[in-house]
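> I'd like to go over a predicted model; first the sequence, then the structure.
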Amino acid sequence: MKRKLLSALLCVSMAAALLAGCGEKPAEPTTTTPDTPDAGGTEVAAESGDAGSDEEMLIYLVSKGFQHQYWQAVYQGALEAAGEYGVKMEMVGPASESDIQEQVQMLNNAINLKPAAIGLAALDTEACIDLIKVAQDSQIPIIGFDSGVPDAPEGAVYANAATDNYAAGELAAEETYKLIESKITDATEPVRIGVMSQDATAESILNRGYGFVDKMKSLAEAAGKKVSIEGHTNFVDKCGGTVDGADVIIEVVVPAAVQAELSVADGSALLNKEDIIAVYASNQFSGEGLVNADANLHKLGADGVVGVAFDSGKVIMDAIKSGTLSGAVTQDPIAIGYKTVELAVSAAKGETVSDVDTGCKWYTAENMEDEDIAPILYE
Amino acid sequence: MSDKNKKKFTDNPVVKAVGTQRLIALLALCVLFIFFCVASPSFRQYSTFVSIMDASYYIGFMAIGVTFAIITGGIDLSIGTVLVCSSLISGTLATKYDLPVGVCLIVGILIGAMFGLCNGLMVSKMGLPPFIATLGTMMISKGLGSIFTRAQSVTWPQSSESGGWFRNIFKVTLQTDNGLLMIPTGFILLILFAVLMSVILNKTKTGRYILALGSNKEATRLSGVNIAKYETLAYVFSGTFAGIAGVAYAATYSTLLPGNGGGMELDAIAGVVIGGTSMSGGYGTIAGTLIGVFIMSVLKIGLPFVGLQNQYQQFITGFVLIIAVFADVYNRRKKSKN
Amino acid sequence: MGETILRMERIDKSFTGVHALKGVDFDLQKGEVHALMGENGAGKSTLMKILTGIYSKDSGTITYEGREVEFKNPKEAQDAGIAIVHQELNMMNHLTVAQNIFIGREAMNGKIINDKKMNEDAKALFERLNIEIDPAETMGDLTVGKQQMCEIAKAISREVKLIVFDEPTAALTDAEIEELFKIIRDLREKGLGIIYISHRMDEIKVITDRVTVMRDGEYVGTLITKDCTKEDIINMMVGRVIYEEPKQKSMVAADAPVVLSVRHLNAGKMVKDVSFDLHRGEILGFAGLMGAGRTETARAIFGADPVESGEIYMNGKKVEIKCPQDAVAAGIGYLSEDRKRYGIILDKTITENSTMATMEEYQKGLFIDEKKERHVTEQYVTKLKTKTPTVETAVGNLSGGNQQKVVIAKWLVRDCDVLIFDEPTRGIDVGAKSEIYHLMNELAGQGKSIIMISSELPEVLRMSDRIVVMCEGRITGEIPIEEASQENIMTAATLRD
């Protein structure tokens, strides 16, 4: 940390000297100064490498960021695997999940270091595509993790270590359905289920939504109900469209920007609907928006509107403990980190690798402390 | 006939006192509010009012502060990221280093004030254009927040926890016979600060000099006024209120994400401008600023109730901004021509 | 003198509540220079704005070149061959001279601007006017006088038949004025109609053929210039008699103590080794040509610009003046030559402007004592006879003379011992001028000491007890009023090393 700050200062003073040197020249150099707060980029040297390995292997992970505690758990798992396999591992990520450009720069730097393998959770595959090809040419294997690298060119990504987000969405739907089954089957008036999605661009978040909506629809239809999908066009088009005279309405809302108050506004609007019986928030950000919206309305709860979230984090875990949220699906970020490094090492050694589903789990106030749940929850 | 009416309208003493632009803004606020009330039954309830308040606090505090910077004829682009930076750092101190929350809140406000002081000195002493100086601190504060937190998000203590008491500053939840009652105490706080700053602006030497140097810096200097001091002070107000806005944000939304905050300052500045403060300096009111801020939060909260996604908030705010300012410009032009 | 080019008859114009023009008549002939005179607010500029299409008239007729016309906007007037040279220069300082002159109608090479051709055109234009300016030079680098020439060149670069000069000499040196007059005479020879607006009587006598006087929006009368005296014109303008006689002898007591003493002051290129004394109750005139360093000296004493070396003593005690605050604390007040930029804040009220330098005295606890503030301001409004509806009126709504009174009030409220008046009557009409003179005499009588910088020699001779003359940053003469004449002042003002 100290060293980083020092080198950042060095860059600044160099840029300043350069500026002073060329007088009135505009401040171009400063803009290219890498001011990346690459906080998580900590190097880990293996404590004792495999005696057999000729040189120390470097595995480089480019994540989506470190904003959410989720990534810290990924890092923890990766660290564990690095220690076990005796490789050097470095993990970087942009300051926020909207800094696509910054992530591209980081991937570029990573390729220049010529590591044995790269782990990548792309914010935007399109933006990375040229670099992915470069990596392919230099025969650096890429392992996708978390949401991976959707639509990557053939052969570039050797394998993925990721949650099957669609399946995770389905799990959320099944668990939610258990809690609201009677409300649906006994309903005389139409009932509404809300879905809050952070955005409509990220593949992982979309899939969690699709999985939930599709599954919920089929469950309700199995109970003999007519289902209509409303709200964001992506979902309406993909999951079956708006129908008149439906018994169950699934409404999907997406805020204009990733801003807390916009997500809260969406949540409030959903919770204020007379016919609402459940709301599902498909990531940590939306989950917090739902909890914050309910702070003014107090409609969520076991005997009120059923709230279901995704991932963990302090706000969501507290809400589950207090009963505001009925439960949430969590991925296994530690497993994601661990498996990524494991796959990377295998790929670097030239072994054949294939996709690994790192799994997901449903947790509630009852099982939060359980041995298989507690370690994968993060504050 | 319409011409006659127009004359009557602008000559009306009430209109003159309030100012055409602020009147239009106030009218827009009322129209929007009534529209949402009519269009959506679920909008017409107390909890919606509380939500609107929640969305107003942090923009409101930022806007009150930046009004001063704008009145000097300058601008402060750093307030959004300073808000996030100060709240990230103080939040980290509270959660990771277990400092008392009260101390952390004060530290957060002081960080805002420090950034304001730096901006002020750069503008008044070093002679940097405000746009450049605050663009610089905008980036610096964004980076600093990420460096300090190692780019991780920070979640302030929940109300159920021991450190969560500070949330009651902005919202008190009472248990009553009819269920829970929420009192948006933050609204009272916002109004108190607005009145305080309005008094400073209009009734004290500091405010008088800030208004004067915004109109004509050189004439003010040649009257023997220490303009560097008062210009700096305007930016200190701006920064300090960004710090206070950070507290409000933490109390309302709990979690702060590093790297965010860019763009918040534009919401605040838009509020100030809708409220009738002149971007070229020398004129402005805090009351107008608050009206501008409330227009935006009513839109933010209201639109989802009528089934419009939030994209429409920006879209409509843009129109309100242009119409409000144009009405004022048009009036002035007509006046100067007569 | 030839046929009539312009005839304006019974022109009437009202703004909300103000009857600005009441049936005004005016006519202009080809090859004539016709002065339009009147105090500020008499309606001269309104009349000219109607002529050039900026305002529309309520009633009356305008006949231009034998046809009745009504210009809807300035462009139409321009196209008809009417040009106006404004008092304030409207130049873009970062563009070249030629680019300024041809702005809006650039010579083009397809889609690319042809700067070379514009430079050549500008050069030809300057040759026609007999001026020496390099068209490729940056406008901001020229002197004010040269910029004015460019403004004229710009005006006549179109097909012009009628040209209006609005106080063209306000910022010019005497030599530059001579040059300007040459050009005007030349244009007259070519048969153009010329309307000339100015407050300077001497110029009117020299350059114009006829004088039309307006007062309070009404037409007063027209005189043939060579058949009338200055006094005739002034009497028509103000409706009362004004004397403009030089002061006979110094009014300062022989044993009056020195209040301000400046020794070997150096500041920048324009203030070199300046030393002088100012006595109690004295009006010390600072004469010199434009750019002689008088304003710079005043600004250096006031701490508005950095001083390199030298000492300043107030009442015998050395004072350190690093910024205007120090000067104000020492009891010095400065009334800038450029009122609107440096003197007042146009969009603030009279009260706010008057108390700007003395805020401390109106503090009641943390707040401003608005009652006291208003009370004191009202006193000064009465005392200085400032014409205004209320003390809460924005200063920008007042006439030039009344604005100057607000600036004076600001420093009187401060109770300064030394007042520096920099061009105190610039842009102020004759009536208000004599009030300002009266006020300055009264202040000196009360024991205040005044430094008066003025470019108008009659003003210097009329007001001063002693005259300091500067040239190129140095003091080149110090003349007691008893010995002063326009001639010996001008001699000192042109003394070079």
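Yep, it's here. What you are looking at is a predicted structure, and each value in this text was computed from that prediction instead of being measured.

> hey, let's count contacts and neighbours off CA atoms from now on
Will do.

> so which helix or strand takes in A:Glu181?
Applying DSSP states H and E as the criterion places A:Glu181 in helix A:165-185.

> for C:Arg299, that is, sorry about that
For C:Arg299, the host element (DSSP H and E) is helix C:294-302.

> sheet partners, orientation included, of the helix or strand just after that helix?
Of the helices and strands lying after helix C:294-302 in sequence (DSSP H and E), the nearest is strand C:309-314. Note on strand C:309-314: by DSSP bridges, its sheet partners are strand C:258-267 (antiparallel), strand C:317-319 (antiparallel).

> which SS class is the residue nearest to C:Glu76 when sequence neighbours are not counted?
Among residues not flanking C:Glu76 along the chain, C:Gly53 sits closest, at 7.3 Å (Cα to Cα, 6 or more residues apart in numbering or on different chains). Secondary structure, DSSP: H, G, I helix; E, B strand; the rest coil: C:Gly53 is coil.

> now, of the strands paired with strand C:309-314, which is deepest in the fold?
The highest average neighbour count among the strands paired with strand C:309-314, using mean count of other Cα atoms under 10 Å in any protein chain shown, belongs to strand C:258-267 at a mean of 19.

> restricting to C-alpha, output it in CSV.
Extracted C-alpha coordinates of strand C:258-267, given in CSV (Å, rounded to 0.1, in the frame of the first residue of the first chain):
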residue,chain,number,x,y,z
VAL,C,258,1.6,67.5,4.3
VAL,C,259,-0.9,64.6,4.5
LEU,C,260,0.4,62.2,2.0
SER,C,261,4.0,62.0,0.9
VAL,C,262,5.2,59.7,-1.8
ARG,C,263,9.0,59.1,-2.3
HIS,C,264,10.8,57.4,-5.2
LEU,C,265,7.8,55.2,-6.1
ASN,C,266,8.5,52.6,-8.8
ALA,C,267,6.0,50.2,-10.1
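
> could you identify the helix or strand that succeeds it?
strand C:271-279.

> could I get the average pLDDT for the helix holding A:Glu181?
Throughout helix A:165-185, pLDDT has a mean value of 93.

> what does stretch A:268-288 give?
Computed over stretch A:268-288, the average pLDDT equals 92.

> stretch B:53-61 now?
92.

> other residues contacting it?
For stretch B:53-61, the surrounding residues in contact (Cα atoms under 8 Å, 6 or more residues apart in numbering or on different chains) are A:261, B:184, B:186-187, B:190, B:241-242, B:244-246, B:248-249, B:252, B:264, B:267-268, B:289-290, B:293-294, B:297, B:300-301.

> by contact count, what packs against the helix holding C:Arg299?
strand C:258-267, strand C:271-279, strand C:283-288, helix C:324-330, strand C:332-335 (3 or more Cα pairs under 8 Å, 6 or more residues apart in numbering or on different chains; DSSP states H and E).

> quick one: mean pLDDT over it.
For helix C:294-302, mean pLDDT rounds to 93.

> count of neighbours near B:Gly127?
When neighbours are defined as other Cα atoms under 10 Å in any protein chain shown, B:Gly127 has 12 of them.

> got any ranges where chain A has weak pLDDT?
For chain A, residues meeting the criterion pLDDT under 70 lie at A:1-55.

> what's the domain layout of it?
A:3-162+A:332-358, A:165-331 (automatic domain parsing).

> is there proximity between the shortest one and chain B?
Spelled out, it's domain A:165-331. Yes: remark: domain A:165-331 sits within contact range of chain B at A:253-257, A:260-262, A:265-266, A:268-269, A:272-273, A:289, A:292-293, A:296-298, A:314-315, A:318, by Cα under 8 Å from any Cα of the partner chain.

> thinking again about what came up before, of the contacts of stretch B:53-61, which belong to helices?
A:261, B:186-187, B:190, B:241-242, B:244-246, B:248-249, B:252, B:264, B:267-268, B:289-290, B:293-294, B:297, B:300-301 (DSSP state H).

> which stretches of the chain form strands?
As the question left the chain open, I've gone with chain A. Read by DSSP state E, chain A holds these strands, from start to end of the chain: A:58-62, A:88-92, A:117-120, A:142-145, A:157-162, A:191-196, A:227-231, A:248-253, A:276-281, A:306-310, A:327-331, A:356-357, A:360-363.

> I was thinking of chain B, sorry if that wasn't clear
Ranges of strands in chain B, per DSSP E, are B:154-155, B:172-176, B:179-183, B:255-256.

> mind putting those strands into JSON lines with mean pLDDT?
As requested, those are arranged in JSON lines below (pLDDT from 0 to 100):
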{"stretch": "strand B:154-155", "mean pLDDT": "86"}
{"stretch": "strand B:172-176", "mean pLDDT": "80"}
{"stretch": "strand B:179-183", "mean pLDDT": "79"}
{"stretch": "strand B:255-256", "mean pLDDT": "84"}
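
> picking that back up, which among the residues of domain A:165-331 next to chain B end up buried?
Among the residues of domain A:165-331 next to chain B, the ones that count as buried by 16 or more other Cα atoms under 10 Å in any protein chain shown are A:253-256, A:260-262, A:265-266, A:268-269, A:272-273, A:289, A:292-293, A:296-298, A:314-315, A:318.
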